[in-house]
Structures are given as C-alpha cells and as structure tokens.
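**Q** here's a sequence, model it:
(chains A, B, C and D)
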Number of protein chains: 2
Amino acid sequence: MHVLPRAIDADMVGDRQLPLTEYTALMNLSETPDRRMRMNELAALCHLSLSGMTRTIIRLETQGLVRRERCEEDARGWNAVLTDAGYARLQESWPSHLAAVRRRFLQHFEGFDLAQLARAFQQAGTADPTD
Amino acid sequence: MHVLPRAIDADMVGDRQLPLTEYTALMNLSETPDRRMRMNELAALCHLSLSGMTRTIIRLETQGLVRRERCEEDARGWNAVLTDAGYARLQESWPSHLAAVRRRFLQHFEGFDLAQLARAFQQAGTADPTD
DNA sequence: AACCGACGCTTGATCGGTCAAGCAAATATC
DNA sequence: GATATTTGCTTGACCGATCAAGCGTCGGTT
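**A** Numbering: from 1, shown residues only, chains lettered A, B, ... in the order given. As a prediction, the model looks like this:
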C-alpha cells in the first residue's frame, strides 16, 4: 500500500515524463464534456488539497497542457481548461499508465473479484473516519 | 490506495504523536532479539531510502526513543538501538495504530480472504518491476 | 604496504505535498 | 446599501521524502 503509488508514479515519470498527479488531473479534465472544471471539484477528484491542486495546475500551465480561465458565473472562481496539447499528451501517456497499473497492481490480484475489490477500495477511500 | 496511508498516518499523529514512519521503525527494531539493527536493513524493512532512514532515526534519536551505536564488526556501519523509552512509547502507540488500520482498512475488506489479500499485497510490493 | 574501487552512511538541494494565513468576490444581515 | 461573514482560490512556511554528491572505512590487487 505504501510502495505501490510510488512505484507507479516512478514508472510513469520515467516513461512519459508525466507524474501520476498531473496525469490524474489531465484525465479528470478530459472526462468532462467541455474539458474544463472548477479547482474545487478537480481537487476532490484528484484527492488533493486545494493548494496542492493549485500547484499542480500551475505546473501543467507552464507546460502548456492546461489553461486557466476566470469563471463567468463567479468571479472568484477559476476553471482549469485542458488544451489541445494537454489532450494530446494524455493520449500519449495513458497506455504507459495502464501498463504500469497492470504490472504493478492488477497482475498480483488475478484470483480476486476485481469489481468487489474496487468497491472495497472506493469505500475505504471515501468513508467517514468516525465510522 | 492513494488516500489510505495518509489517513492512517494522520490518525496516528493525532492520537499518539507518532507518525507512521517512526512507528514502523520502532516496531521493526522491537522485533529483533537485541532491539538493534543496521541502517541498511531497517531502511529496507521500512520501505524507505537510506537517507530517509537516516533522517527518521535522527528524529527518533532527538526524542530519546532510539540511540545510535557504531557497529563493532564494521566501523563504517551504525546500529539503531531501541531505548527503553522507545519501547515504552511503542507499547503506548500500537493499540491506536491497530485501531486505525482496522477502521480505515480492514473494516472495508470483511468479505475477503485476508490471508490471500496479504499475500497479493506482499507480492505486489516486492515484485521485480521488470516482470 | 600502498593504492583503488566498492560499500555504509550522511548531507545538501530539491520536490511535491500539507496547513494556515491572506485576498478578493459573493452573499447574508441589518 | 453598508457591514459582516462566507466562499474560492493563492501564497508562504514547513515537512518528510528523494536523488546525487561527499566522506570515511573496508578489502582485494600489486
């Protein structure tokens, strides 16, 4: 549990120079209809603090993979917008990400009911700590 | 996977002021016959780089929970030695660690064969990346 | 016995994250 | 409609990890 995220991250950095955190951000953006999202929401999906999200987006912005636009209906807010370059980069990266997950994780859980496992992890990751 | 280690760590820091990394180091030391271990070996067991281990031991040393002694048979080497204070601290801490693991992890995997799960994780954590 | 590469560990620089404080816009209250 | 509070995000300080470079010791070679 301790080792796997680092291993997958290291694989991805080596392979396509895209750390796991940045990959996750791009991926979540790409799954929205207009490739944009508020910082708030994106941070939650990436399991990152808001300040961590800010920093990640800044890194992506300087690489030209993401652009930031003021939110129209709320001038305090920002939208992170996936650029074409960002989309292209994501397309390049996902096969190596998938391979890393397979090799580092899935391969070792072949006897298991993966859907059930996924549900358990999901639940563990989002449960109220006071339960 | 991303969230759980942080959550468990946060629980332990809040509860008994012992971060997970330091807890793990003390625990591994306590399980040796003479409560001492070379830096090398301890780092491997804690899944930490050697420099990370050095820094962790330094933190523990300033709290008086561990002491460092030159290795007799090799003057380059050091032994980390668990002090009585360190042992006592570990005794105080493990119930809250166990509780955190139960609440954050085990509780959500009740339907599973835990032994089989443990084997899979073990394997995933130690496998050669080139497999 | 003098050297030289390998080894064991530490140190300096950096990185990616957190928390807490700050700022500007939005909203509620009076 | 002015003031206070909340909200959305950024910034500064810090923290715990990594990598790369450094230092002292060991062991084999000559």
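
**Q** list the buried ones in stretch A:97-114?
**A** Judged by neighbour count (16 or more other C-beta atoms under 10 Å in any protein chain shown), stretch A:97-114 contains these buried residues: A:97, A:100, A:103-105, A:108-109, A:112. Yep, even glycine has a C-beta here, placed from its N, CA and C like the rest.

**Q** closest one to chain B out of the residues you listed, please.
**A** A:H108 (4.0 Å; C-beta to the nearest C-beta).

**Q** tell me the SS of that closest one?
**A** helix (DSSP: H, G, I helix; E, B strand; the rest coil).

**Q** tell me how many other residues surround the residue nearest to it when sequence neighbours are not counted.
**A** Once flanking residues are discounted, A:H108 sits nearest to B:A124: 4.0 Å by C-beta to C-beta, 6 or more residues apart in numbering or on different chains. Using other C-beta atoms under 10 Å in any protein chain shown, B:A124 has 19 neighbouring residues.

**Q** thought A:R102 was touching B:A124, still the case?
**A** No. Counting by C-beta atoms under 8 Å, B:A124 does not reach A:R102; the two are 11.5 Å apart.

**Q** check the buried residues of stretch A:97-114 against DNA strand D, which are close?
**A** With the criterion set as C-beta under 7 Å from any atom of the strand, no member of the buried residues of stretch A:97-114 is near DNA strand D.

**Q** so which of these would you say is closest to B:R76?
**A** A:R104 (34.0 Å; C-beta to C-beta).

**Q** hang on, that closest one packs against A:D9?
**A** No. Contact criterion C-beta under 8 Å: A:R104 and A:D9 do not qualify, at 10.1 Å.

**Q** show me what the biggest helix by length in chain A is packed up against.
**A** Longest helix of chain A, by residue count under DSSP state H: helix A:84-104. Contact here means 3 or more C-beta pairs under 8 Å, 6 or more residues apart in numbering or on different chains; DSSP states H and E; on that basis helix A:84-104 packs against helix A:4-16, helix A:20-30.

**Q** just after that helix, pick out the following helix or strand.
**A** Next helix or strand after helix A:84-104 toward the C-terminus (DSSP states H and E): helix A:114-126.

**Q** how about the residues of chain A near chain B?
**A** Proximity of chain A to chain B is confined to A:1-5, A:7, A:11, A:47, A:103-105, A:107-109, A:111-112, A:116-117, A:120-121, A:123-125, A:127, A:129, A:131 under the rule C-beta under 8 Å from any C-beta of the partner chain.

**Q** which residues sit against stretch A:74-84?
**A** Stretch A:74-84 is touched from outside by A:25-26, A:29-30, A:35-40, A:42, A:57, A:60, A:64-71, A:90, with contacts defined as C-beta atoms under 8 Å, 6 or more residues apart in numbering or on different chains.

**Q** likewise for stretch A:91-103?
**A** Outside stretch A:91-103, the residues that reach it (C-beta under 8 Å, 6+ apart) are A:7-8, A:11-12, A:15-16, A:18, A:20, A:23, A:26-27, B:129, B:131.
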